[in-house]
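[1] sequence unknown, structure follows:
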C-alpha cells in the first residue's frame, strides 16, 4: 500500500470547517470520514487507514484539555452557585458532589475535543498539515 495520501478527487473532503470539526468530534478522520482518528483513547493513529493522511504531525498538545476545563467550568459554575446559594448546601458537600462530576465530564470531553482540535488544525493547514478543499462543481453540475 502506498504511503502517499489519496488524492482529494478520490475521497469525500468536508465541505466546510464545521463538517471537518464534526468529523473530528465523532472520532473519524476529518479528511475522509471513513476511518477512526484514534488508535487508543487519546492517541491518534499515525496514518488514516483509508486515505493515508499522516496524523503523526498533529500538534494539538494541551489545547483540548484547556477547552474541556473551560467548558466544564462554565457548565458547572451555575450549578455550584445554585447548590450553595439556593439550596444552602455546605461548601464541603458541594465540593464532594461537584468534583467527581467535573472529573467525569472532563474525561468524557477529552477525546471528542482532541478530535475537533486536530480536525480544525488540518482544515486550516496549521503546522505540517496541507490545506485541502473540495473542487468547485463544474458549470451546469449540481453540487
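    Alright, I've got the coordinates. Because the structure is predicted, anything quoted here is derived from the model rather than measured. Numbers count the residues shown, from 1 in each chain.
[2] Residue 118 in helix, strand or coil?
    Three-state assignment for residue 118 (DSSP: H, G, I helix; E, B strand; the rest coil): helix.
[3] I'd assumed residue 63 was in contact with it.
    No: applying CB atoms under 8 Å, one finds residue 118 not in contact with residue 63, separated by 9.9 Å. (C-beta placed from N, C-alpha, C; glycine too.)
[4] In terms of neighbours, single out the busier of these two.
    residue 118 (26 against 15; other CB atoms under 10 Å).
[5] Could you list which residues are in contact with the closest residue to the more buried one other than its chain neighbours?
    Counting by CB to CB, 6 or more residues apart in numbering, residue 58 is the residue found nearest to residue 118 once chain neighbours are left out, at 4.8 Å. The contact partners of residue 58, by CB atoms under 8 Å, 6 or more residues apart in numbering, come to 44, 118, 121-122, 127, 129.
[6] Show me which pair in these is furthest apart.
    Greatest spatial distance in the contacts of residue 58: 44 and 127, 13.3 Å, computed using CB to CB.
[7] quick one: which of the two has more around it?
    residue 44 (21 against 11).
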